[in-house]
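Q: Structure for this input, please:
(chains A and B)
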Amino acid sequence: MRDVAVLSYAQTPYVRTERVRNEVEMLMPIIDEVVKKAGIPRQEIGFTCSGSTDYLAGQSFSFVMAVDAVGAWPPIMESHVEMDGAWALYEAWIKIQCGEVDSALIFSFGRSSMGETAETMTLQTDPYTMAPLGPDSISMAALQARCGLDAGLFSERDMAEVAARNRRNALTNPEAQLAGEFDVEALLAAPYRVSPLRDHDCPPITDGAAAMVIAAADVARDVSDKPVWIRGIDHRLDCHQLGSRDLTKSPSTRLAGEHAGVSSGKIDIAELHAPFSHQEIILKNALGLDDDVRINPSGGALAANPIMSAGLARIGEASRQISGGAASRAVAHATSGPCLQQNLVCVLEG
Amino acid sequence: MAEHAAVIGIGQTDFDAKRVDVSQVGLIREAAERALADAELDWKDIDAVVIGKAPDMFEGVMMPELFLAEALGGVGKPMLRVHTAGSVGGSTAIVAASLVQSGVHERVLTVAYEKQSESNAMWALSIKMPFTPTMVAGAGGFFAPLIRGYMERSGAPEDTGIRVALKDRLNALKNPVAHLKLPDVTFEMIQNSPMLWDPIRYLETCPSSDGACALVIGNEKHGRAASRPAAWIHATNMKTEPTMFAGRDQVMPKAGLECSEELYKKAGITDPRKEIDCAEIYVPFSWFEPMWMENLHFAPINEGWKMTYEGATALDGDLPVNMSGGVLSTNAIGASGMVRFAEAAMQVRGQAGDHQIDGARKALGHAYGGGSQYFSMWIVADQPLQ
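A: Have a look, this model is predicted:
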């Protein structure tokens, strides 16, 4: 395997509704920023891969316009996954492993404000057996939380504490959408949104985009004093039908974590893509993280949940912690699908 | 350096306008099971799954790979979903190949599909977005002016497109899974069919199909051990350019010219017309055959139509093109690129049945998408690249 490093990462400020800029206009400044920071001329970046979904844009082929943000002229070697940008990173990492290219630009974007996010996510379920029942993403997450509560794995207080900590952490993240000091007692006094979830257990609706440049070791060492190394990256999937799964566990996260080598060294921080508070606890268990691991210093998906970028953002935020000297080894995680169906785990080191 | 990879199993569904006998799940299973049977492998032998299809709105399911995971044996495995517009079937095969070439996996299953009968592609392509002029023309309306541009530049005879359509429709009669079969097809029948988007006639355009295509791609060890011949992947390439900007040549896109040029270089090909035995290329409207002959450097600029006219692209020509009947006969959009790649592999494996080209040893698979702006291609051969 070739050693591959994250050279640069940037994201838009995360907002409830991006009223002024379209997707291309959101992407252009951050793509410029990561390319400049990476120190590789744009024309020399060997591969470009993006992640997005037509169902947020409400338009077929919505990723096609995003090519404008890259300045794909002369023509570029490019691909796209209808997945979170974390999987675009995986495809780019594979391309570098093939030896075909030495560097790659990755980006992802989504404007959830364009539609009704929770109802849109219903269309992600089996169209014959589940979608006709109309389960929205919050209700499905609520079923999962209920399973965990019934199994005694966590309490509603534990969930509120997760939410409060994430949003407190977000106070130091200028790009976060939802940050602040929240009193756990006050949170628990609030009414349920979909029992047992209260508003604080749910992610905000977010518009945003993220971009990253990675490179193989020979290039990375040339252009960077402090590359952040991708030591392991793997992703796995669980079955789709909620009734066929033990929702209190995330076997695919555990498996991806094992293949990515999470346990082969001490983890300082973890950036976990947990849109709902209880999911952070499930993920922490699945990855076998100790209590002294700092989880989501960025505020995580509870502070900003740009769908299709929130997973790539975890990897980007973890890389910032390492390049900023706050950690030497970190694990980052991305999820997709109802109730943590698909999961990617990436181990980063300074 | 990348490891060798080879196609060791190929499966296509039967294609039809409406496969009402199966769900999307049944459709992809049909292709995947045929590919596994061809490879003499079982689900447990597969390390990872790559799925591709065109816009999700064509079926009305957001990221359908999530609900298809179990049907593809994807549980507990890595699974990727690729979408690069019309070229997606080709790009999906390329991503699957890269999982093997990288040394990360030994055997990968890849499936591309479209079940157009479950939604309405014209609707999905014509949604009115704020601040954007809507086309409401579908793909034919978009590509017709490009064809007209080609006709003017090249001075190609008006009936070139009819000749392409006749050839492909006759070839489809030899392909057991092809969708549109017209046993009585004649030059006059095509010539007299209604003009849909001038200069594209009804019988010069592709049908709307349900169907899927699957490949099993293995590393060198599995390629050599396979009991049926393997199709060795010599080179792959993808290229993209923006949809529109001043000075863009949409008739002869630079992305396609450069994509094929680099592809041949990677495969050690210096004279593509001579060294490539046959080609399956993405021709959704008849006139794209001569246009792509030029874009793929098989003919000088403005002379691609001569290949069609002289019969060079016929089954008995010096460079047979679209032996399967092509996209003109079968177009399950998301699958169409992979079908091209699969048919190229079938030729070098000698398993193309009635549309087999005798002695085919090196073949090109090609797909394009968007506004003639996304290209994916591969070269496969009966022996590994030296």
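Q: Could you use CA atoms for every contact and neighbour count after this?
A: Noted.
Q: wait, is B:Leu166 part of a helix?
A: Yes. Judged by DSSP: H, G, I helix; E, B strand; the rest coil, B:Leu166 forms part of a helix.
Q: where does A:Ala209 land in three-state SS?
A: strand.
Q: what's near enough to touch it?
A: Taking Cα atoms under 8 Å, 6 or more residues apart in numbering or on different chains as the contact definition, A:Ala209 lies against A:Gln11, A:Thr12, A:Met26, A:Leu27, A:Phe107, A:Ser108, A:Phe109, A:Gly110, A:Pro306, A:Ser309.
Q: try B:Ser227
A: B:Ala39.
Q: distance of it from B:Gly9?
A: B:Ser227 sits 10 Å away from B:Gly9, going by Cα to Cα, to the nearest Å.
Q: you'd agree B:Ala71 is up against B:Leu27?
A: No. Using Cα atoms under 8 Å, B:Ala71 is not in contact with B:Leu27, being 10.0 Å away.
Q: Which of these two has more residues huddled nearby?
A: Neighbour tally, B:Ala71 and B:Leu27, criterion other Cα atoms under 10 Å in any protein chain shown: the higher count belongs to B:Leu27, 25 against 17.
Q: Surely that one and B:Cys213 touch.
A: No. In this structure B:Leu27 lies outside contact range of B:Cys213 using Cα under 8 Å: 9.4 Å.
Q: List the residues that are in contact with both of these two.
A: Counting by Cα under 8 Å, 6+ apart, the residues touching both B:Leu27 and B:Cys213 are B:Thr13.
Q: Give me the buried positions along the strand or helix carrying A:Ala118.
A: Taking DSSP states H and E as the definition, A:Ala118 sits inside helix A:117-120. For helix A:117-120, the neighbour count (16 or more other Cα atoms under 10 Å in any protein chain shown) marks A:Thr117, A:Ala118, A:Thr120 as buried.
Q: For it, which helices and strands make contact with it?
A: Helices and strands touching helix A:117-120, as assessed by 3 or more Cα pairs under 8 Å, 6 or more residues apart in numbering or on different chains; DSSP states H and E, comprise helix A:54-57, helix A:137-150.
Q: how far is that helix from where the chain is centred?
A: Its chain's C-alpha centre and that of helix A:117-120 lie 18 Å apart, by Cα atoms, centre = their mean, to the nearest Å.
Q: do the same with stretch A:284-299
A: 15 Å.
Q: Would you mind measuring the gap between the ends of it?
A: End-to-end distance for stretch A:284-299, by Cα to Cα: 15 Å.
Q: Kindly report the residues of the stretch 1-150 of chain B close to chain A.
A: Residues of the stretch 1-150 of chain B found near chain A (Cα under 8 Å from any Cα of the partner chain) are B:1-3, B:55-57, B:60-64, B:66-67, B:69-70, B:74-85, B:91, B:95, B:98-99, B:101-104, B:124-125, B:127, B:129.
Q: In helices, which of these fall?
A: B:Leu66, B:Phe67, B:Ser91, B:Val95, B:Ser98, B:Leu99, B:Gln101, B:Ala124 (DSSP state H).
Q: Quick one, grab the pLDDT at the second one.
A: Read it as B:Phe67. Looking at B:Phe67, its pLDDT is 97.
Q: so is A:Ser8 in a helix, a strand, or just coil?
A: Classification of A:Ser8 by three-state DSSP places it in strand.
Q: Across the sheet, point out what pairs with it.
A: Note on A:Ser8: beta-bridge partners A:Val213, judged by DSSP bridges.
Q: B:Leu319: neighbouring residues, count only.
A: When neighbours are counted by other Cα under 10 Å, B:Leu319 registers 23.
Q: Residue 142: what's it in contact with?
A: Looking at chain A here, since you left the chain open. A:Val194, A:Ser195, A:Pro196, A:Leu197.
Q: Chain B was what I was after
A: B:Gly371.
Q: Repeat that for A:Arg236.
A: A:Arg236 neighbours (Cα under 8 Å, 6+ apart): A:Ser252, A:Thr253, A:Leu255, A:Ala256, A:Gln342, A:Asn343, A:Leu344, B:Val75, B:Gly76, B:Lys77, B:Pro78, B:Met79.
Q: Now do the helix or strand harbouring B:Trp378, average pLDDT.
A: Here B:Trp378 sits within strand B:374-381, counting by DSSP H and E. If you average the pLDDT over strand B:374-381, you get 98.
Q: quick one: buried residues of that strand?
A: B:Tyr374, B:Phe375, B:Ser376, B:Met377, B:Trp378, B:Ile379, B:Val380, B:Ala381.
Q: In contact with the nearest residue to the fourth one once chain neighbours are set aside, which residues?
A: In space, not counting the residues next to it along the chain, B:Met377 is nearest to B:His366; the distance is 4.4 Å by Cα to Cα, 6 or more residues apart in numbering or on different chains. Counting by Cα under 8 Å, 6+ apart, B:His366 makes contact with B:Gly90, B:Ala279, B:Glu280, B:Ile281, B:Tyr282, B:Gly337, B:Arg340, B:Phe341, B:Phe375, B:Ser376, B:Met377, B:Trp378.
Q: Closest to B:Pro145 out of those?
A: Among those, B:Tyr282 lies closest to B:Pro145 (Cα to Cα), at 18.0 Å.
Q: what about that closest one, which SS state?
A: State at B:Tyr282, reduced to three classes by three-state DSSP: coil.
Q: burial count for B:Arg153?
A: What B:Arg153 shows, counting by other Cα under 10 Å, is a neighbour count of 12.
Q: Same check on B:Leu66?
A: The number of residues packed near B:Leu66 is 26, by other Cα under 10 Å.
Q: Tell me the buried residues within the residues of the stretch 1-150 of chain B next to chain A.
A: Applying 16+ other Cα under 10 Å to the residues of the stretch 1-150 of chain B next to chain A flags B:55-57, B:60-64, B:66-67, B:69-70, B:74-85, B:91, B:95, B:98-99, B:101-103, B:124-125 as buried.
Q: quick one, strands of the stretch 101-250 of chain B?
A: With DSSP state E, counting those that start in this stretch as the criterion, the stretch 101-250 of chain B has strands at B:107-115, B:195-197, B:200-201, B:210-219, B:231-240.
Q: Nearest to B:Thr186 among those would be which one?
A: strand B:200-201 (13.9 Å).
Q: close to chain A, is stretch B:265-275?
A: No. Stretch B:265-275 is not in contact with chain A by Cα under 8 Å from any Cα; minimum separation 10.1 Å.
Q: Over to stretch B:327-340?
A: No. Stretch B:327-340 does not reach chain A (Cα under 8 Å from any Cα); its nearest approach is 12.3 Å.
Q: pLDDT averaged over that stretch - what is it?
A: 97.
Q: what distance separates the start and the end of it?
A: Start-to-end, stretch B:327-340 (Cα to Cα) is 8 Å.
Q: same question, stretch A:91-108
A: This stretch, stretch A:91-108, spans 13 Å end to end (Cα to Cα).
Q: Return the distance of that stretch from the chain's centre.
A: Centroid separation between stretch A:91-108 and its chain, computed with Cα atoms, centre = their mean, is 19 Å.
Q: hang on, the earlier thing: with respect to pLDDT, which of the ones in helices among the residues of the stretch 1-150 of chain B next to chain A ranks lowest?
A: Ranked by pLDDT, those bottom out at B:Ala124 (80).
Q: mind listing what the closest residue to that residue other than its chain neighbours touches?
A: Spatial nearest neighbour of B:Ala124, excluding adjacent residues (Cα to Cα, 6+ apart): B:Met57 at 5.7 Å. Shown in contact with B:Met57 (Cα under 8 Å, 6+ apart): A:Asp54, A:Tyr55, A:Ser60, B:Ser119, B:Ala121, B:Ala124.
Q: how close does the second one get to A:Gly115?
A: To A:Gly115, A:Tyr55 is 9 Å away according to Cα to Cα.
Q: the more surrounded of those two?
A: Counted by other Cα under 10 Å, A:Tyr55 and A:Gly115 do not tie: A:Tyr55 has more neighbours, with 27 against 13.
Q: Which pLDDT value belongs to that one?
A: Looking at A:Tyr55, its pLDDT reads 93.
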